[in-house]
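Enquirer: Sequence and predicted model, in that order:
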Amino acid sequence: MGRRLASALTDRGDHVRLLCLPDEPAATRSLLRPQNRPFETVYGDITRKETLAAALKGIRTVFHLAAVLIAPGREDVLHAVNAEGTRNMVDASEAAGVEHFIYVSSISVEYPASNPYARSKLQGEEWVRRSRLLHTIVRPSLAYEDGGALEFMRFVDHLKRGPVVFLPDGGRALKNPVHIEDLVAGFLTLPGNPRAMGKTYAFPGGEAISLRTMAKLLLAHMGRPKPVLGVPAWVCLPGISALRAWSRISGSENPFTYQTYTGLIQDAAPSHQSAREDLGYQPRPFHQGLATLASLRDCLRAA
């Protein structure tokens, strides 16, 4: 998402400064400079406030996208980066005289059954609202693009495993996946926009569908439809505990955590009416976005 946004901002003539961790793989491999775009790259760490002043000097608009999405069993990491890291960015932006602070949050902050990631993003929102900064908060739904977006690709990996796909609660939860290109188009409308100041916008896709329907569409797109079966909560919750224990014993990553579970069983299909009215936000529906996922097409058949 950051690379897409940086490229789009540069293409329209904006000067873009990228704040990267010193060991950021994308920066060290020069992946942040596609087609020789003139990005300025600085290094710092949002969990260390003293590293941020130089990065923000002379900056008018901040897009704050940095976050940890998945850290099983490490609520402290989520809090340090997503909550306190945002607080550090807010404080440093105030000191630097930033004119517009745009915080990319998550639609998960609206879940009735919260989880550590959602709580950390909600705390980040609170630091933004409490600040003196002119700000805009954006809550994307499940983001996707061809070969990208961590949570989406983890779901795709789940679909690839085994002869049957199991979904909690039958996959009844409504989702509204949003293509990263559409997110970026929405982001581009925000800097300096007086209609966006002090607002919080949902940035979903253009089509609300059930998780079960999304799974079937993806399976068909990948060339191997398979049965999709529901698993009741009374089975899932003990299973989460068992997988967590096994992960600790084996040292392996647990792919099915409480965060994953709460994300799969709750609706995340908000209206984008206010974003459409204020910003002209018009995301594509998921069945159209599927056509852009070229690397997934026939991947199961080929395997």
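Expert: That came through, no problem.
Enquirer: use CA for all of it now, contacts and neighbours both
Expert: Will do.
Enquirer: how about the helices in the stretch 151-300 of the chain?
Expert: Using DSSP state H, counting those that start in this stretch, the helices assigned to the stretch 151-300 of the chain run over residues 180-188, 211-221, 233-250, 258-265, 273-279, 286-289, 299-302.
Enquirer: I'd like the ones you listed as TSV, with mean neighbour count, mean pLDDT and distance to residue 94 appended.
Expert: Shown next, in TSV, are the helices of the stretch 151-300 of the chain (neighbours: other Cα atoms under 10 Å; pLDDT from 0 to 100; distance: least, Cα to Cα, whole Å):
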stretch	mean neighbour count	mean pLDDT	distance to residue 94
helix 180-188	20	97	21
helix 211-221	20	94	41
helix 233-250	14	65	41
helix 258-265	19	80	33
helix 273-279	16	96	25
helix 286-289	18	94	38
helix 299-302	12	58	48
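Enquirer: Minimum distance to residue 50: which of those has it?
Expert: Smallest distance to residue 50 across those (Cα to Cα): 27.8 Å, for helix 180-188.
Enquirer: Next, find the distance separating the nearest residue to residue 206 once chain neighbours are set aside from residue 182.
Expert: Nearest residue to residue 206, sequence neighbours excluded (Cα to Cα, 6 or more residues apart in numbering): residue 285, at 4.1 Å. From residue 285 across to residue 182, the span is 10 Å (Cα to Cα, to the nearest Å).
Enquirer: Residues that sit against both of these two, list them.
Expert: Here residue 285 and residue 182 have residue 205 as joint contacts, going by Cα atoms under 8 Å, 6 or more residues apart in numbering.
Enquirer: Rounded mean pLDDT for stretch 105-124, please.
Expert: Across stretch 105-124, pLDDT averages out at 92.
Enquirer: Please state the offset of that stretch from the chain centre?
Expert: Stretch 105-124 sits 12 Å away from the centroid of its parent chain (Cα atoms, centre = their mean, to the nearest Å).
Enquirer: before we move on, what about stretch 263-271?
Expert: With Cα atoms, centre = their mean, you get 14 Å for stretch 263-271.
Enquirer: contacts for stretch 142-158?
Expert: Applying Cα under 8 Å, 6+ apart, the external contacts of stretch 142-158 come out as 1, 165, 175-181, 204, 218, 292-296.
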